[in-house]
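Enquirer: whatever this is, show me its structure:
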Amino acid sequence: MILTPSDLQSWTRALTSQPRHHDGLMAWVTGPLREFFPFQRVLLAHGAQVAGQIQITHWLANGHDARYLQQMDATFDLANRGALHWWLTQRQPFCIDTAWPSPFTTQFELDEIRDFELGRVAGHGILNATASAGTYFSFAGIPKQLSDWHLDALTLIAPVLNDLFLSYVAAQQKDLTQLLAALTKRQTDIVRLVVNGLDDKSVACELAIAEKTVRNHLSTIYSHLGVYKRAQLVALLR
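Expert: Numbers count the residues shown, from 1 in each chain. Below you'll find the model as predicted:
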């Protein structure tokens, strides 16, 4: 594919406007980068692979509605994610088009794309040396089929996104420490027991309080820490 002068200008602008600090990450992604690599929604995530499962530890999204984000499991089976599995083994960017899905795409992924109206989806990221952990970037709502050149460009910007996102994660961890320090002793005890795997009933028995009290405290904790559910709380603190 031959790039147009407009393509080249957008690509140059994206390269020359890369932020030096993680605070500018999302503004760059949804601004100059999107001008060259158009999309409607983006998800940046960090996770680890353990015994055939992916455990998401941190994520940052833009454009996705709450319904999509709330259904995201902190841990999911890799067997359901053919595109992700292909990426983990090939370490190459990919694009999923439901009209012409790649052989590695699973029905689970196609159903998810249709259910949440994600449209055409592209993904890439950076893995560590053993492929046991890394960052992953998903762009949804891409208006037209990507060229090989665009996918190559995604390979070039992946290290930049990786560095910025890891800086964001480090800052988030610092903020999390401050947020946890603001919890009451009772809330801290509940968090500790939940992260250790206890359900509401077991937490209530351990602390000699009612299950309803546990649920009320958890609702406050979720709001304070910016998570939606138990699985995200556990993933955030492990």
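
Enquirer: got a list of contacts for stretch 174-185?
Expert: 188, 191, 221, 224-225, 236-237 (Cβ atoms under 8 Å, 6 or more residues apart in numbering). Every residue, glycine included, has its C-beta placed from N, CA and C.

Enquirer: make it 7 Å
Expert: Stretch 174-185 has contacts (Cβ atoms under 7 Å, 6 or more residues apart in numbering) with 191, 221, 224-225, 236.

Enquirer: same check on stretch 67-81?
Expert: 49, 52-56, 61, 84-85, 106, 108-109, 116, 228, 231-232, 234-235.

Enquirer: weed out the non-buried ones from those residues.
Expert: 49, 54-56, 61, 84-85, 106, 109, 116, 231-232, 234-235 (16 or more other Cβ atoms under 10 Å).

Enquirer: list the buried residues of the helix or strand harbouring Asp163.
Expert: Using DSSP states H and E, the element containing Asp163 is helix 148-181. Neighbour-count burial for helix 148-181 flags 150-151, 153-154, 157-158, 160-162, 164-165, 167-169, 172, 180 (criterion: 16+ other Cβ under 10 Å).

Enquirer: what do you get for stretch 23-32?
Expert: 25-26, 28-29, 32.

Enquirer: just the closest of the residues you listed to Arg215, please.
Expert: Met26 (33.0 Å; Cβ to Cβ).

Enquirer: so that closest one sits in a strand?
Expert: No. Per DSSP: H, G, I helix; E, B strand; the rest coil, Met26 lies outside any strand segment and is helix.

Enquirer: how close does the residue of the chain most remote from its centre get to Arg192?
Expert: When distances to the mean C-alpha position of the chain are computed (Cα atoms, centre = their mean), the maximum falls on Ala208, with 36.9 Å. The spacing between Ala208 and Arg192, counted by Cβ to Cβ, to the nearest Å, is 15 Å.

Enquirer: helices of the chain, start to end?
Expert: 5-16, 25-28, 34-36, 66-70, 82-90, 107-115, 148-181, 185-195, 200-207, 211-225, 230-237 (DSSP state H).

Enquirer: turn these into TSV, including distance to Ala99 and mean pLDDT.
Expert: Listed next are those as TSV, based on distance: least, Cβ to Cβ, whole Å; pLDDT from 0 to 100:
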stretch	distance to Ala99	mean pLDDT
helix 5-16	24	88
helix 25-28	30	94
helix 34-36	23	91
helix 66-70	21	80
helix 82-90	15	92
helix 107-115	11	93
helix 148-181	18	87
helix 185-195	43	92
helix 200-207	45	94
helix 211-225	39	92
helix 230-237	33	79
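
Enquirer: tell me which of the ones you listed sits nearest to His124.
Expert: When those are compared by Cβ to Cβ, helix 148-181 sits nearest His124, at 4.9 Å.

Enquirer: distance between that closest one and the chain's centre?
Expert: Remark: helix 148-181 is offset 10 Å from the chain centroid, using Cα atoms, centre = their mean, to the nearest Å.
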